[in-house]
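In: coords below, sequence missing:
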């Protein structure tokens, strides 16, 4: 069996590149650690000492204010030194390769690189070529994976619903371009969700998605029927070079979540979206911030989940002692 590059010889995280191949106990440990950090940072004093003296570099080849900010906050709340680099406007635009960029930045003696890149597999490339002891955390690579978004989605679902084995989850929208969809499907399958659905027009469903454990629906009404959780995905217009859709209006008519459609949902169904939202395309504004929506909770949960991943990689011996470490950090 091929070794998982994300794990050390003891089965502990040394990188986080994808949720594929991570065990159910490990994912649950991450979610439990996130819950401990969420509890420990409830008050005015949100600073913990787990990563004091460590350096985290946020290396974003793709712009994303929301994701970069939550990673920055997560590292700062663990007392790490944080450097943000928008590399798209820096050396790679002058012809420097990924390998050159990595080796140049390693000279800064960083302990972790948080990587976001538009090429699938970029995070794996960094992990394969990083110096020993340097951790790579994937903040999204092409269409491949967005593991911390998948984890925070699982955290949000578990907080609201508990047992995954009883849940039918519908993932709606631009599946073909979505790294979030792939990470969510891997996590939901590992955690034992009863049924995973992808709901989209045929042009937005990738080939082979059924082999990942998802059922395909091309009707929103059918896909929502009996769903406990609805995860909407942003229509990624910037990645659509071909004729994927007749128009945004037609997509909203056929696959947009409206006030009329939420009346068809189960009374306790929840609505999620990784953001940013295209209002009036995949979801109506009133629905996005209605009583069923957990979209803002997802943003908040993202900080605790990313804290958990960073601590479990860089400070595994201290990760389970959130409250005690908080007292020492004061």
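Out: Great, that's in hand. None of these values were measured; they are calculated from a predicted model.
In: switch to C-alpha atoms for all contacts and neighbour counts from now on
Out: Fine.
In: Could I get the full set of helices for the stretch 1-150 of the chain?
Out: 24-40, 65-77, 98-106, 122-129, 147-161 (DSSP state H, counting those that start in this stretch).
In: Quick one: closest of those helices to residue 278.
Out: Counting by Cα to Cα, residue 278 lies closest to helix 65-77 out of those; the figure is 14.9 Å.
In: and that closest one, how far from the chain's centre?
Out: Its chain's C-alpha centre lies 13 Å from the corresponding centre of helix 65-77 when counted by Cα atoms, centre = their mean, to the nearest Å.
In: which outside residues touch the helix or strand hosting residue 305?
Out: Applying DSSP states H and E as the criterion places residue 305 in helix 295-314. The contact list for helix 295-314 (Cα atoms under 8 Å, 6 or more residues apart in numbering) reads 12-16, 30-31, 33-35, 37-38, 50-51, 70-71, 73-75, 77-78, 111, 135, 148-149, 151-153, 155-156, 271-275, 288-289, 318-319.
In: on that earlier part again, winner for burial among the helices of the stretch 1-150 of the chain?
Out: Comparing the helices of the stretch 1-150 of the chain by mean neighbour count (mean count of other Cα atoms under 10 Å), helix 147-161 ranks first with a mean of 22.
In: Next SSE downstream of that helix?
Out: Downstream of helix 147-161, the first helix or strand assigned by DSSP H and E is strand 168-172.
In: packing partners for that next one?
Out: Contact here means 3 or more Cα pairs under 8 Å, 6 or more residues apart in numbering; DSSP states H and E; on that basis strand 168-172 packs against strand 195-199, helix 220-224, strand 229-232.
In: closest to residue 173 out of the helices of the stretch 1-150 of the chain?
Out: Comparing the helices of the stretch 1-150 of the chain under Cα to Cα, the one sitting nearest is helix 147-161, at 16.1 Å.
In: relative orientation of the closest one and helix 65-77 in degrees?
Out: Here the directions of helix 147-161 and helix 65-77 differ by 80 degrees (axes from the mean of the first three to the mean of the last three Cα atoms, to 10 degrees).
In: check contacts around residue 216.
Out: Per Cα under 8 Å, 6+ apart, neighbours of residue 216: 197-200, 209-210.
In: Just the closest of these to residue 248, please.
Out: For these, the nearest to residue 248 is residue 200 (13.3 Å; Cα to Cα).
In: Would you reformat the helices and strands packed on strand 168-172 as TSV and include mean neighbour count and distance to residue 182?
Out: Formatted as TSV, the helices and strands packed on strand 168-172 follow (neighbours: other Cα atoms under 10 Å; distance: least, Cα to Cα, whole Å):
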stretch	mean neighbour count	distance to residue 182
strand 195-199	24	10
helix 220-224	19	18
strand 229-232	23	12
